[in-house]
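> the following block contains a protein sequence and its predicted model.
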Amino acid sequence: MTSPRVLVVDDEADLRELLEITLVRMGLDVDSAETLREARAFLAQNDYGLILTDMRLPDGLGLELVQEVGASSKSTPIAVVTAYGSAENAVVALKAGAFDYVSKPVVLEDLRVMVQSALRLSAPAAPGASAAGAGGSGSRLIGESAVMQSLRGQIERLARSMAPIAITGESGSGKELVAREIHARSSRAGKPFIAVNCGAIPEALMEAEFFGYRKGAFTGAADERDGFFHAANGGTLMLDEVADLPLAMQVKLLRAIQERRVRKIGATAEEPVDVRIISATHQNLAQCVETGKFRQDLFYRLNVIELSVPPLRERLDDLGVLVNGMLARLAGAGQPAALGPQVLETLRTYSFPGNVRELENVLERALAFANDGVIEVGDLSLKGARVAGTAPAEVAAALVAPEPVAAPLPVSAGAPAQLPSSLPDYLEQVEREIILRALTQTQFNRTQAAMLLGISFRQLRYQMQKLDIQEPEG
Ligand SMILES: Nc1ncnc2c1ncn2[C@@H]1O[C@H](COP(=O)(O)OP(=O)(O)OP(=O)(O)O)[C@@H](O)[C@H]1O
């Protein structure tokens, strides 16, 4: 078997030599070019497992090469060497399609990690093996609509790079599933995928949770512990609800992402970590930057590639395959439930504010009511949906029982409204009942309940603590 070939493009003799020696010591064959013209000549003659190019070359920019290689059919991974402190160049190169970057002065350990990762990508798959743990059949992401097919294409392409991705989409639309899919299709598939809900970690514990701590670093630190970055080493770290990160933590996170190094609390030295970052939010991050809630520099770093997951109501063509896939999964090894007449049509009239997660919940609940393994329209309990074929007015009544109004003010017809004896107590009681209703409706899924109430996850958590609302046990 021949060893993989790497093309180094750099006009600085010292650096070129350092790169060549390192690569040759890794057992690789190396060709070197000093200019874009020479690089193009090499590329016309050979296939490479990796191209490593400086940004500034005598006859142009390394970026041109990134674009040319990206446009060619070979999809060879190409990485750029960026000047010290030039975060902007790195981001521009990643946006243009570079697989990754290394900063000058080049840290050899970082270079080796990057090269290995690139070569895993371009290695031919073992006979019979599916690429990078992917394989269409292993995918949980269901949907054949045009938007889902385009999303799949983007996932496939993005899985081949280290560029940070920011996934946007409404709650429950499948952002985490998309992130998992990118990981599963990347050369990192064999390494961990760690998803962190940034809104769910108490602020005081954040640094310890992300970076870990040394034994004795603070009271209660009885043993050394790894943080999320260490846990995801070699793999992917998903920062879910990233807009909920407090500003102080945003600074620390930016540093860790830029330096690719973290320091445990209580440690003196930083340790290198090789982690691909995917962030997600249902909020508008750019707007959070404008209002000062989110740091511009971190936004710039995370938002290199944007991926948007459409809400379910914009891909209703997928409803049929989604329902079938979910019913099959819910049935396990048994016979999946069947759908009665008009069920699919009725689902199509619903707006699904909770997206695919809500569809899952609706089906699970319907299954509990269904007789003889057949789900009928009446089992759906959808608010605001129209029973297909009926007039809107006859409607929802057929589907949902009227809900009690929360703690109505005692008012009698004609008489002046009776005032509550304590306004704060009264408001608290109303608030408690409304929150409890939202939580009951979502089976205590706080993310969804917060969405139903139009407040953030954090606000809901705060109100639940304040009002001492707890999830029922069992
Ligand atoms: N295209 C899909 N095919 C199959 N299942 C899906 C699809 N999209 C989402 N789901 C399922 O819907 C549920 C919600 O998806 P996921 O957790 O990825 O959403 P999310 O956008 O990350 O939600 P949140 O904003 O609340 O974090 C999961 O159980 C997921 O498996």
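All right, it came through fine.

> what's the local residue count around whichever residue of the stretch 1-150 of the chain sits closest to the ligand?
Of all residues in the stretch 1-150 of the chain, the one sitting closest to the ligand is Ile142 (3.5 Å; Cβ to the nearest ligand atom). The way it works is simple: take the backbone N, C-alpha and C, and place the C-beta from them, glycine included. For Ile142, the count of nearby residues is 17 (other Cβ atoms under 10 Å).

> cool, and Pro424?
Neighbour number of Pro424 under other Cβ under 10 Å is 8.

> quick check: it is in a helix.
Yes: the assignment for Pro424 (DSSP: H, G, I helix; E, B strand; the rest coil) places it in a helix.

> for it, give its distance to Gln418.
As judged by Cβ to Cβ, to the nearest Å, Pro424 and Gln418 stand 17 Å apart.

> and if you look at Leu158?
61 Å.

> neighbour-wise, which of these two wins?
Ranked by neighbour count (other Cβ under 10 Å), Leu158 and Gln418 place Leu158 first, with 19 against 10.

> what's near enough to touch the more buried one?
165, 182, 305, 307 (Cβ atoms under 8 Å, 6 or more residues apart in numbering).

> separation between it and Leu382?
Counting by Cβ to Cβ, the gap from Leu158 to Leu382 is 35 Å.

> now swap in Val81 and tell me
According to Cβ to Cβ, Val81 stands 56 Å off from Leu382.

> please tell me the pLDDT value assigned to whichever residue of the chain sits closest to the ligand.
For the chain and the ligand, the shortest gap (Cβ to the nearest ligand atom) falls at Gly174, measuring 2.7 Å. Note on Gly174: pLDDT of 95.

> pretty sure it contacts Ile142?
No: the criterion here is Cβ atoms under 8 Å, and Gly174 misses it with Ile142 at 9.2 Å.

> residue numbers of the stretch 351-474 of the chain in contact with the ligand?
356-357, 360, 447 (Cβ under 6 Å from any ligand atom).

> between the two ends of stretch 165-184, what distance do you get?
15 Å (Cα to Cα, to the nearest Å).

> do stretch 234-252 as well
Terminal residues of stretch 234-252 are spaced 20 Å apart (Cα to Cα).

> break this protein into its domains for me.
Taking automatic domain parsing as the domain assignment, the ranges for the chain are 5-122, 151-310, 313-399, 423-466.

> how about these in CSV, adding distance to Pro472?
Listed next are the domains of the chain as CSV, based on distance: least, Cβ to Cβ, whole Å:
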stretch, distance to Pro472
domain 5-122, 47
domain 151-310, 20
domain 313-399, 17
domain 423-466, 8
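
> list phi and psi for Glu109.
Per-residue torsions, Glu109: phi -60, psi -40 (degrees, to the nearest 10).

> can you list the residues of the stretch 1-150 of the chain near the ligand?
140-143.

> neighbour-wise, give me the winner out of the residues you listed.
For those, neighbours tallied by other Cβ under 10 Å; top is Gly143, 21 neighbours.

> sorry, back to before: need the residues of the stretch 1-150 of the chain next to the ligand in CSV with pLDDT and distance to Arg301, can you?
Compiled in CSV, these are given as follows (pLDDT from 0 to 100; distance: Cβ to Cβ, whole Å):
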residue, pLDDT, distance to Arg301
Arg140, 85, 29
Leu141, 92, 27
Ile142, 95, 32
Gly143, 94, 30
